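Visitor: Show me how the following folds:
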Amino acid sequence: MLISEYFQKIESQIADCIYIIETSLVKDKRSLHIGIIEGELFFIDESRLHFIEFVNVKETIEVYKYSYHYQDRNSDLIFRYDMAPHHREIKTFPHHKHIHSNNVIEASAPAFAQVLDEIGDLIEQST
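Guide: Purely as a prediction, here's the structure:
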């Protein structure tokens with residue numbers, strides 16, 4: 001896969017999410033297969049997702065770095081998935097999830113679409 005195709009896939013997933021009302025994206029191609037996509041998505045309930053993915057998609061999707069930081073309209077953390085290597089006690093190290101008041105739990109690396117689905121479920125539950 002080419003990095004431009006991967007970027008298109010992410011943009012398509014964003015376009016398909018009925019809860020997103022505004023987007024801001026930055027795409028940085030490092031080579032034909034390596035790149036960074038980052039952005040901020042704004043949702044109908046005024047919540048926001050800040051995200052970054054640094055990936056190599058040459059043979060499989062190899063994620064070098066990711067963070068999906070989701071917060072409410074008051075900028076309070078709802079959840080954040082990341083792979084910063086600072087929670088060695090977690091079985092899924094370095095992958096983990098921060099929830100609410102910065103509690104850390106085990107979590108595998110989610111796909112971008114899974115993060116959008118989780119946010120969609122939270123928005124549906126709150127309406």
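
Visitor: can you give me the strands for this structure?
Guide: 20-29, 34-43, 48-56, 62-71, 77-82, 96-99, 103-106 (DSSP state E).

Visitor: And the ones you listed: which comes nearest residue 1?
Guide: Among those, the nearest to residue 1 by C-beta to C-beta is strand 48-56 (9.8 Å). The C-beta positions use only the backbone N, C-alpha and C, and glycine is treated the same way.

Visitor: rank the strands of the chain by pLDDT, which is bottom?
Guide: By mean pLDDT, the lowest-scoring of these turns out to be strand 103-106, with a mean of 86.

Visitor: Which other helices and strands does it contact?
Guide: strand 96-99 (3 or more C-beta pairs under 8 Å, 6 or more residues apart in numbering; DSSP states H and E).

Visitor: The strand it packs on - which strands sit beside it in the sheet, and in what orientation?
Guide: Note on strand 96-99: by DSSP bridges, its sheet partners are strand 77-82 (antiparallel), strand 103-106 (antiparallel).

Visitor: partners of the spatially most central residue of the chain in the sheet?
Guide: By C-alpha atoms, centre = their mean, the chain has its centre lying nearest to residue 68, at 3.4 Å. Per DSSP bridges, the residues bridged to residue 68 are residue 51, residue 81.

Visitor: nearest spatial neighbour of residue 3, skipping sequence neighbours?
Guide: Spatially, and ignoring its direct neighbours in sequence, residue 3 is nearest to residue 35 (3.9 Å; C-beta to C-beta, 6 or more residues apart in numbering).

Visitor: surely the one you found meets residue 28?
Guide: Yes - with contact defined as C-beta atoms under 8 Å, residue 35 counts as touching residue 28 (5.7 Å).

Visitor: Between the two, which has more neighbouring residues?
Guide: The neighbour count for residue 35 versus residue 28, taken as other C-beta atoms under 10 Å, is higher for residue 35 (20 against 12).
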